[in-house]
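Peer 1: with the sequence up front, the predicted model follows.
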Amino acid sequence: GPETGLPLPRYVSLKTSRGRARRGPSDTHRVDWIYTLRDLPLRVTGEFEHWRRVEDSEGEGGWIHYSLLSGVRTVLVTQDMTPLRALPQSSATELAYLEAGVVARIMECSLGWCRVSVEGSRGWLETSAVWGVDPDEELH
């Protein structure tokens, strides 16, 4: 983007449990959304000074002050009862089942799988069952 030199679009996460998404890039613009889920993944689609235009998994969003965003990568589980697996294989042992709406911290991603940490458990999720990472994205 023009302010940071980082690629657009890109994923970030919400650093706080209360983030206001505004109609435009300043405190004087109307608040359209209030995000209340800390670590929620968001996609940055624009930059203007200290503001970032973001959208959520449903395509909604607005402008958020950059101080409320983190470069820590997370994913949002989008499919109910998504298996958290011991290995990045669909036949691997299921460690847990995650409900839609659960947020997990990304540890690494490759070949359609992400190793994540969620509430003290670690395992692998298929990228097709989450939002916050591109299907072919590699993160180490």
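Peer 2: Nice, I can see it.
Peer 1: residue boundaries of the strands in the protein?
Peer 2: 10-14, 19-22, 31-35, 41-48, 51-55, 61-65, 69-70, 74-77, 82-85, 94-98, 103-110, 113-118, 121-126, 130-131 (DSSP state E).
Peer 1: any idea how many residues pack against the closest residue to residue 22 other than its chain neighbours?
Peer 2: What sits nearest to residue 22 in space, not counting adjacent residues and going by CB to CB, 6 or more residues apart in numbering, is residue 29, at 4.1 Å. For glycine as for every other residue, the C-beta is placed from the backbone atoms N, C-alpha and C. Counted with other CB atoms under 10 Å, the neighbours of residue 29 add up to 15.
Peer 1: kindly reformat the strands of the chain as JSON lines containing mean pLDDT and distance to residue 1.
Peer 2: Output for these, formatted as JSON lines (pLDDT from 0 to 100; distance: least, CB to CB, whole Å):
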{"stretch": "strand 10-14", "mean pLDDT": "98", "distance to residue 1": "8"}
{"stretch": "strand 19-22", "mean pLDDT": "97", "distance to residue 1": "17"}
{"stretch": "strand 31-35", "mean pLDDT": "96", "distance to residue 1": "20"}
{"stretch": "strand 41-48", "mean pLDDT": "98", "distance to residue 1": "4"}
{"stretch": "strand 51-55", "mean pLDDT": "98", "distance to residue 1": "8"}
{"stretch": "strand 61-65", "mean pLDDT": "97", "distance to residue 1": "13"}
{"stretch": "strand 69-70", "mean pLDDT": "98", "distance to residue 1": "12"}
{"stretch": "strand 74-77", "mean pLDDT": "98", "distance to residue 1": "20"}
{"stretch": "strand 82-85", "mean pLDDT": "98", "distance to residue 1": "32"}
{"stretch": "strand 94-98", "mean pLDDT": "97", "distance to residue 1": "32"}
{"stretch": "strand 103-110", "mean pLDDT": "97", "distance to residue 1": "21"}
{"stretch": "strand 113-118", "mean pLDDT": "98", "distance to residue 1": "24"}
{"stretch": "strand 121-126", "mean pLDDT": "97", "distance to residue 1": "28"}
{"stretch": "strand 130-131", "mean pLDDT": "98", "distance to residue 1": "21"}
